[in-house]
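Enquirer: Here is the input, now give the coordinates:
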Amino acid sequence: QLMINIDLSTNIMNNFNDTQQAKDPSLKEFVGYIVLIPYNNETYRILDIAWNKPPNFQFTRRNGIQ
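Expert: Presented below is the predicted three-dimensional model:
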């Protein structure tokens, strides 16, 4: 399973004081979206948001490469 890192904090977090208040609308808004990645023209469906990862986090693929 390939995961994509998107930084939503600038668009949503500024409107809320409590981070949990910001997470709930974000999940409802973005989970299920299909996004196009321009550098490889692949589409991916957003299944979840990893709130505990920083914006510069690199996911490890199945083959062990980041």
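
Enquirer: what about L27, how many residues close to it?
Expert: Other residues within reach of L27, judged by other Cβ atoms under 10 Å, total 14. Heads up, the C-betas are built off the backbone N, CA and C, glycines and all.

Enquirer: Can you show me the helices along the protein?
Expert: Applying DSSP state H to the chain gives helices spanning 9-12, 19-30.

Enquirer: which residues sit in contact with G32?
Expert: R45, I46 (Cβ atoms under 8 Å, 6 or more residues apart in numbering).

Enquirer: Let me see the backbone angles for it.
Expert: G32 adopts backbone torsions of phi 100, psi -20, taken as degrees, to the nearest 10.

Enquirer: Model confidence at it, what's the number?
Expert: As predicted, G32 sits at a pLDDT of 89.

Enquirer: Quick check: which ranges of this structure have low pLDDT?
Expert: The model of the chain has pLDDT under 70 over residues 1-22.

Enquirer: please redo it, this time with the cut-off set to 80
Expert: 1-27, 39, 55, 59, 61-62, 65-66 (pLDDT under 80).

Enquirer: show me what contacts the closest residue to L47 other than its chain neighbours?
Expert: The shortest distance from L47 to any non-neighbouring residue, by Cβ to Cβ, 6 or more residues apart in numbering, is to V31 (6.7 Å). Going by Cβ under 8 Å, 6+ apart, V31 touches I46, L47, D48, I49.

Enquirer: I46 versus the residue nearest to the third one when sequence neighbours are not counted, what's the distance?
Expert: Distances taken as Cβ to Cβ, 6+ apart put V31 closest to D48, at 6.5 Å, once the chain neighbours are dropped. As defined by Cβ to Cβ, to the nearest Å, V31 lies at a distance of 6 Å from I46.
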